[in-house]
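Participant: Following is a predicted model, sequence given first.
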Amino acid sequence: MKRFVRTALRRSLSTSSRHGGKYNEPLSGNDMPRSGGIASMMRLPVQTDSQGLKACFVGIPMDIGTSNRSGTRLGPRQIRTESALVRRTNIATGASPFDSFQVADVGDVNFNLYNLPKACEDIRDYYRKLISNGCIPLTMGGDHTISYPILQAMKERYGPLGMVHIDAHSDTSDTMLGEKIAHGTPFRRAVEEGCLDPHRVIQIGLRGSTYSVEDYDWARNQGFRVVMAEECWHKSLAPLMSEVRDMMGDRPVYISFDIDGLDPAFAPGTGTPEIGGLTSIQGLEIVRGCRGLNVVGGDLVEVSPSYDLNGTTALTGANLLFEMLCVLPGVKYLR
């Protein structure tokens, strides 16, 4: 017991000396084994709202908008579990978000599990409150339908947003099986409602078979820049992201990362996998390339643990969410 108290005291003093007792930070694997502790995102403290936070992690455990393989309702839980491996400092970029501002896990959104339009209303209402103080939400999905109500709430605070969208699919269908709301329609609805500035939207990694050669024409006609996966093969995406920074300017930007944007060799645990996708390295290049943008939110969606037997997809998702945290405005870079 005395040894436990001494260890806890050392940890408390270490945290206090670095931050003046101000900021949360992930529970270190040196203070408690990674197999222990509460499964929060990066083992951060959990609170029920965004009070006092500059950024937060939040889960939306939903899969009622999926069209192929379900299971993404368990994505947030598995991402949190795998995130125990993610440490506090980004040694590749020098970013140290936990020396920069207050971050916490605010848990999961409670929504109607049996009515998709009502679920979207519940999510939108939750995010209105969550971001009312300027907190930047980084969301764990959940299927891609969730981006639609999040963007609705974002529009009310920030106006039309730019968007960096990584995905195997455009998600701009008008309907799916006659329904206007599903995981293949969120960005059509978002444009129709003025949530997105279509001339500041880029979609990266699109691929796979389609129903017609015109399937991506609607997005292009709105002003989206569409970068097919074939355009990304065998190359660094750092030059592309330089163009994206010019495209976005200093106005608010949202990052939406569907894990199926990565090739299933890197992220097999998803509902609609398509071969020939991005590498995990290219995924990192895209998110790190958002440094300097006015990022006001982001999501990582479509992790389906039942198809992720080794946890690789959820671990990749956890790392990409950490990378999003590292590019938020106000993050300190230690070198």
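Facilitator: Everything's here; your move. Everything numeric here is computed off the predicted structure, so don't read it as measured data. Residues are numbered from 1 along each chain as shown.
Participant: hey, let's count contacts and neighbours off CA atoms from now on
Facilitator: Will do.
Participant: Tell me which stretches of the stretch 201-335 of the chain form helices.
Facilitator: Using DSSP state H, counting those that start in this stretch, the helices found in the stretch 201-335 of the chain span residues 217-222, 238-248, 280-288, 312-326.
Participant: just these: most buried one?
Facilitator: Sort the helices of the stretch 201-335 of the chain by mean neighbour count, taking mean count of other C-alpha atoms under 10 Å, and helix 312-326 sits at the top with a mean of 24.
Participant: Quick check: pLDDT value at the nearest residue to residue 313 once chain neighbours are set aside.
Facilitator: Nearest residue to residue 313, sequence neighbours excluded (C-alpha to C-alpha, 6 or more residues apart in numbering): residue 267, at 4.5 Å. Residue 267 carries a pLDDT value of 98.
Participant: list the contacts for residue 278?
Facilitator: With contact set as C-alpha atoms under 8 Å, 6 or more residues apart in numbering, residue 278 has these partners: 205, 229, 232, 233, 261, 262, 263.
Participant: can I get these in TSV with distance to residue 188?
Facilitator: TSV is the format used below for the contacts of residue 278 (distance: C-alpha to C-alpha, whole Å):
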residue	distance to residue 188
205	18
229	21
232	24
233	27
261	19
262	22
263	24
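Participant: Of the residues you listed, which count as buried by neighbour count?
Facilitator: Buried by 16 or more other C-alpha atoms under 10 Å: 205, 229, 232, 261, 262, 263, out of the contacts of residue 278.
Participant: Format those residues as JSON lines; extra columns: distance to residue 80.
Facilitator: Putting those into JSON lines (distance: C-alpha to C-alpha, whole Å) gives the following:
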{"residue": "205", "distance to residue 80": "26"}
{"residue": "229", "distance to residue 80": "29"}
{"residue": "232", "distance to residue 80": "30"}
{"residue": "261", "distance to residue 80": "20"}
{"residue": "262", "distance to residue 80": "20"}
{"residue": "263", "distance to residue 80": "22"}
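Participant: Of all the helices of the stretch 201-335 of the chain, which one comes closest to residue 40?
Facilitator: helix 312-326 (11.2 Å; C-alpha to C-alpha).
Participant: between that closest one and helix 280-288, how big is the angle?
Facilitator: 30 degrees (axes from the mean of the first three to the mean of the last three C-alpha atoms, to 10 degrees).
Participant: Which of the helices and strands in the protein ranks last by mean pLDDT?
Facilitator: Here the helix or strand of the chain ranked lowest by mean pLDDT, DSSP states H and E is helix 2-19, holding a mean of 37.
Participant: Need the max-distance pair from the contacts of residue 278.
Facilitator: Pairwise distances across these peak at 12.8 Å for 233 and 261 (criterion: C-alpha to C-alpha).
Participant: What residues does residue 88 make contact with?
Facilitator: Counting by C-alpha under 8 Å, 6+ apart, residue 88 makes contact with 25, 26, 96, 97, 98.
Participant: hmm, try it at 7 Å
Facilitator: Residues near residue 88 by C-alpha atoms under 7 Å, 6 or more residues apart in numbering: 25, 26, 96, 98.
Participant: Among the residues you listed, the buried ones, what's the PyMOL command?
Facilitator: Entered in PyMOL, the line below selects the buried ones among the contacts of residue 88, by 16+ other C-alpha under 10 Å:
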select buried, resi 25+26+96+98
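Participant: Closest to residue 179 out of the contacts of residue 88?
Facilitator: Nearest to residue 179 among those: residue 26, at 41.4 Å, using C-alpha to C-alpha.
Participant: Surely the closest one forms part of a strand?
Facilitator: No: assigned with DSSP: H, G, I helix; E, B strand; the rest coil, residue 26 falls outside any strand and is coil.
Participant: Phi first, then psi, for it.
Facilitator: Per-residue torsions, residue 26: phi -60, psi 150 (degrees, to the nearest 10).
Participant: Hmm, it is touching residue 44, no?
Facilitator: Yes: the pair residue 26 and residue 44 passes the contact test of C-alpha atoms under 7 Å, sitting 4.6 Å apart.
Participant: can you pull out the strands in the stretch 51-200 of the chain?
Facilitator: Using DSSP state E, counting those that start in this stretch, the strands found in the stretch 51-200 of the chain span residues 55-60, 103-108, 136-141, 161-166, 196-206.
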